[in-house]
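Asker: after the sequence you'll find the predicted model.
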Amino acid sequence: MTFIAVFLALTALSCLAGCGGGGDDVDAKEVLAASSAKMKVIKGFHFEYEVHLPEGVKPGGGLFIKRIIGDVNAEGEMKATVDANYGNLPVSLGFVALGDMHYIQDPVNQKWQEIAAADSPVGSLSLSAGTIRILDHITDTSYEGKQSKAGVDTYHITGKVAAEEVEAIAGAVDTTNTFPTDLWIGVENSLVYEVKIAGAATPNEHEDIWRSIVLSNLDTYVDIEAPQ
């Protein structure tokens, strides 16, 4: 499953009930169906995935991925920079994903290490198959109104995601709570601009933590190759 498939999964939302909530006569099902058709044919995009902690709250021990910024193409190949904390030490890693192989750049000597995706520390936080499961199972969808994202008018649609669908994007889940989820889809172009998932995935996380994926440079192809 490719990263781009995350957003193709919006087609599954078209079978869910959508109700107006922003004062406009907008059918959430129609918005999502149009977005699915458009996202199927784009060449790629730039993305920013981020984990947001409340002000003053520090991440726990171990590896905590704060942010992944990069590009993905239609083949699902990805090139990005990963900002993380390992214990109390901030680290920044170069990262390339090509099929079942990941390449991770050592932050100290800048050398690249080749590793199977199944064994990759970044692989435990899936922005592909895991996220598609999340978006594929959104329920209680509602149209909330229009909002500007990156200077573009978008439809704001909300819903809920079950705990078992959040595991891959959060890295680990130990809760039965549902997660409020927001989507922003272009009014004129039907492209997805942002996804937000709120809530703690484990008892060790703050209850007000939330995760976002912001898209830009939509329909832009990036040639991604294995690092030398």
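Answerer: Done, it's in.
Asker: what residues does D174 make contact with?
Answerer: Neighbouring residues of D174 by C-beta atoms under 8 Å, 6 or more residues apart in numbering: A201, T202, P203. C-beta: built from backbone N, CA, C; applies to glycine.
Asker: I'd like the distance between the nearest residue to the last one once chain neighbours are set aside and I104.
Answerer: Counting by C-beta to C-beta, 6 or more residues apart in numbering, D174 is the residue found nearest to P203 once chain neighbours are left out, at 6.2 Å. Noted for D174: a distance of 27 Å to I104, by C-beta to C-beta, to the nearest Å.
Asker: could you name the helices and strands sitting against the helix ranked longest in the chain?
Answerer: Assignment by DSSP state H gives helix 28-39 as the longest helix of the chain. For helix 28-39, the elements it packs on are helix 5-8, helix 10-13, strand 139-149, strand 152-161, strand 179-186, judged by 3 or more C-beta pairs under 8 Å, 6 or more residues apart in numbering; DSSP states H and E.
Asker: one more time with 7 Å
Answerer: helix 5-8, helix 10-13, strand 139-149, strand 152-161 (3 or more C-beta pairs under 7 Å, 6 or more residues apart in numbering; DSSP states H and E).
Asker: now it and strand 152-161, what's the angle there?
Answerer: Interaxial angle of helix 28-39 relative to strand 152-161 (axes from the mean of the first three to the mean of the last three C-alpha atoms, to 10 degrees): 110 degrees.
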